[in-house]
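Trainee: structure here, sequence nowhere to be found:
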């Protein structure tokens with residue numbers, strides 16, 4: 001007689017062990033960050049000498065469409081910043097709609113795009129993944145972005161990022177990114193991101209979003225970033241059952257995941273909080289108001305049940321009609337106070353060493 005075992009129980013046991021290991025790892029990081037912050041006893045930028053140097057040698061240039069500034073377009077202003085830039089360059093952008101496709105390359109770090117909070121500028125485009133590029137091939141989701149940032153230490157304040165391409169249900173290649181952030185140590189304050197399918201490509205790196213408005217329908221926050229979204233407003237314009245997030249973490253060693261704190265989920269249609277783009281996808285919602293548009297199950301494995309034992313989807317002290325946990329998928333987690341600690345502060349993104357104090 002051969003040996004037999006219950007694979008479901010085994011997978012569940014492995015999942016429980018992996019989850020506890022993950023929580024333990026995050027708690028250790030949290031405690032280490034607190035100790036380092038106490039030892040340094042410095043301001044947020046104090047742990048990063050490159051950032052310290054950049055902030056002591058700032059340059060400010062201006063953009064306005066009426067000819068009253070240094071440049072008429074954002075592209076013109078960015079073109080004047082030299083490669084291998086090592087100083088903070090603040091690009092002050094006047095009100096208006098800027099129809100520009102912008103790419104900030106990796107060798108142009110320390111750039112700030114700053115608008116007026118009373119009348120923020122809009123940077124707009126309408127490329128999609130299926131649009132043909134200059135080389136005769138489709139752009140793909142990655143290149144569809146209206147604004148793409150490959151550089152580190154990027155900051156945006158009071159800017160509207162927009163992709164006006166509309167998502168058609170069932171159509172292939174309709175992804176239209178408003179902003180792609182691929183550089184690390186990037187922060188966004190009082191910004192808006194307007195799109196439909198795949199609005200905000202949180203591609204990779206450490207990122208911070210504060211008081212931001214993010215609108216879309218399908219997977220409108222997606223990517224492999226390790227990011228904290230604080231006081232953000234997530235607005236669904238879905239016409240069917242869709243998902244807010246599609247976090248892509250492809251193996252257990254990647255230090256990535258999205259954490260949402262003190263945010264609001266509302267809008268139209270029905271939405272999952274997240275679906276697993278990667279086998280080890282991670283998303284946590286804390287202190288977030290969830291409107292009735294959130295489906296009772298809460299989370300989706302994107303049709304691959306093996307992900308049920310690998311993803312880490314969790315909620316902590318959320319409220320609203322969509323926050324009822326009783327019908328959630330069994331592989332979602334409710335965090336304890338201690339387990340939530342690593343995700344509800346800027347230490348989650350190592351922000352104590354690179355986030356700059358506001359007003360900037």
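Mentor: Yes, it's here. All values reported here derive from a predicted model rather than from experimental measurement.

Trainee: find the nearest non-adjacent residue to residue 244, please.
Mentor: residue 271 (5.3 Å; C-beta to C-beta, 6 or more residues apart in numbering). From N, CA and C alone the C-beta is placed, and that goes for glycine too.

Trainee: scratch that, residue 130 is what I was asking about
Mentor: residue 173 (2.9 Å).

Trainee: ok, that neighbour touching residue 138?
Mentor: Yes - between residue 173 and residue 138 there is a contact under C-beta atoms under 8 Å: 6.6 Å.

Trainee: next SSE downstream of the lowest-mean-pLDDT helix or strand in the chain?
Mentor: Ranking every helix and strand in the chain by mean pLDDT, DSSP states H and E puts helix 7-40 at the bottom, with a mean of 50. Next in sequence after helix 7-40, counting helices and strands by DSSP states H and E, comes helix 49-55.

Trainee: which residue lies nearest the spatial centre of the chain?
Mentor: residue 202 (4.1 Å; C-alpha atoms, centre = their mean).

Trainee: number of nearby residues for the residue nearest to residue 244?
Mentor: A count of nearby residues for residue 271, using other C-beta atoms under 10 Å, gives 30.

Trainee: same check, this time on the one 3 residues further on
Mentor: Using other C-beta under 10 Å, residue 274 has 28 neighbouring residues.

Trainee: tell me the spacing between it and residue 125.
Mentor: To residue 125, residue 274 is 26 Å away according to C-beta to C-beta, to the nearest Å.

Trainee: so the residue nearest to residue 130 sits in a helix?
Mentor: No - assigned with DSSP: H, G, I helix; E, B strand; the rest coil, residue 173 falls outside any helix and is coil.

Trainee: and it, how many residues sit next to it?
Mentor: Residue 173: 16 neighbours (other C-beta under 10 Å).

Trainee: next one: phi and psi at it?
Mentor: Main-chain dihedrals, residue 173, degrees, to the nearest 10: phi 80, psi 20.

Trainee: now swap in the one 10 residues further on and tell me
Mentor: The phi and psi values for residue 183, taken as degrees, to the nearest 10, are phi -80, psi 160.

Trainee: please, which helix or strand holds residue 267?
Mentor: strand 264-275.

Trainee: contacts for that strand next, please.
Mentor: With contact meaning C-beta atoms under 8 Å, 6 or more residues apart in numbering, strand 264-275 is reached by 215, 217, 219, 232-247, 258, 281, 283, 285, 288-291, 293-295, 297-302, 313, 315, 320, 322.

Trainee: which of those are buried?
Mentor: 215, 217, 219, 232-238, 242-247, 258, 281, 283, 285, 288-291, 293-295, 298-302, 313, 315, 320, 322 (16 or more other C-beta atoms under 10 Å).

Trainee: please tell me how far residue 274 sits from residue 147.
Mentor: Plainly put, residue 274 is 24 Å away from residue 147 if you go by C-beta to C-beta.

Trainee: now do residue 314
Mentor: As judged by C-beta to C-beta, residue 314 and residue 147 stand 31 Å apart.

Trainee: need the longest strand for this structure.
Mentor: Longest strand in the chain by number of residues (criterion: DSSP state E): strand 233-247.

Trainee: what angle separates it from strand 264-275?
Mentor: 10 degrees (axes from the mean of the first three to the mean of the last three C-alpha atoms, to 10 degrees).

Trainee: for strand 233-247, packing partners?
Mentor: Packing partners of strand 233-247 (3 or more C-beta pairs under 8 Å, 6 or more residues apart in numbering; DSSP states H and E): strand 213-216, strand 221-223, strand 257-261, strand 264-275, strand 282-286.

Trainee: strands paired with the helix or strand following the second one, and their directions?
Mentor: This means strand 221-223. Later in the chain than strand 221-223, the nearest helix or strand by DSSP H and E is strand 226-230. Strand pairing for strand 226-230, using DSSP bridges, gives strand 206-210 (parallel), strand 257-261 (parallel).

Trainee: just those strands: most buried one?
Mentor: Sort those by mean neighbour count, taking mean count of other C-beta atoms under 10 Å, and strand 257-261 sits at the top with a mean of 25.

Trainee: contacting residues around residue 277?
Mentor: Taking C-beta under 8 Å, 6+ apart, we find residue 277 in contact with 219, 222, 246, 247, 248, 302.

Trainee: the same query, at a cut-off of 6 Å, please.
Mentor: Residues near residue 277 by C-beta atoms under 6 Å, 6 or more residues apart in numbering: 246, 248.
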